[in-house]
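Novice: just to be clear, the model below is a prediction. Sequence and coordinates:
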Amino acid sequence: MTSLQKISVSLIAGALLATVVLLVLRPGPGHAHNLQYVACDTAKVGVDPANGTTDKNDEIIFLCKGQTATWIASTSSGNFTISFADASLFGQLSYTSTPGATANTVQIGPLIAAIDPPPGSHAKDFKYQLMFNGGKQFDPHVIIMGP
């Protein structure tokens, strides 16, 4: 083996070792279950009678006071309601869809989150029922977050 080949082999081995060290020692991603890594934001939630929310990630939405949530379905899905059990961050306990802002849609909202979490809390869960035409019920959540 020539000296040039020995240098090349050494450089390749060093690069491989450095890559392995970086992959093993690099910090991992944040924990998605930790509120530090969750952001509240205005939400537009697609809904339908077969699945409830059209995107499973919208089964739980996070809002801060003053932000809005809107639930939207196609008119072919029919009308729908959302009902909160004991308390609502939007004021009323129940809402029924009306013609949507765009053609061929029905929607509820935009509704404005009107409260902060209770004193001493950073978040509060509001479970609600989503129901199409009195049929199947779905149980998604809205979580209000605060300082």
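Specialist: Done, it's in. Keep in mind it's a predicted model, so treat the numbers as computed, not measured.
Novice: from here on, contacts and neighbour counts on C-alpha atoms
Specialist: Noted.
Novice: ok so I144 is a strand residue?
Specialist: Yes. Counting by DSSP: H, G, I helix; E, B strand; the rest coil, I144 is found in a strand.
Novice: what is the neighbour count of Y128?
Specialist: A total of 22 residues lie near Y128 under the criterion other C-alpha atoms under 10 Å.
Novice: so who does it touch?
Specialist: Applying C-alpha atoms under 8 Å, 6 or more residues apart in numbering, one finds that Y128 lies in contact with 82-85, 139-142.
Novice: which of these are buried? Put it as a ChimeraX command.
Specialist: For the buried members of those, the matching ChimeraX selection, counting by 16 or more other C-alpha atoms under 10 Å, is:
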select :82,83,84,139,140,141,142
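Novice: just give me the closest of the contacts of Y128 to D41.
Specialist: For those, the residue nearest D41 by C-alpha to C-alpha is V142; the value is 11.4 Å.
Novice: return the residues in contact with the closest one.
Specialist: Taking C-alpha under 8 Å, 6+ apart as the test, what V142 contacts is 60-63, 125-128.
Novice: any chance of a markdown table for these, columns pLDDT and secondary structure?
Specialist: Supplementary listing: these in a markdown table, determined by pLDDT from 0 to 100; DSSP: H, G, I helix; E, B strand; the rest coil:
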| residue | pLDDT | secondary structure |
| --- | --- | --- |
| I60 | 88 | strand |
| I61 | 91 | strand |
| F62 | 90 | strand |
| L63 | 92 | strand |
| D125 | 91 | strand |
| F126 | 90 | strand |
| K127 | 89 | strand |
| Y128 | 91 | strand |
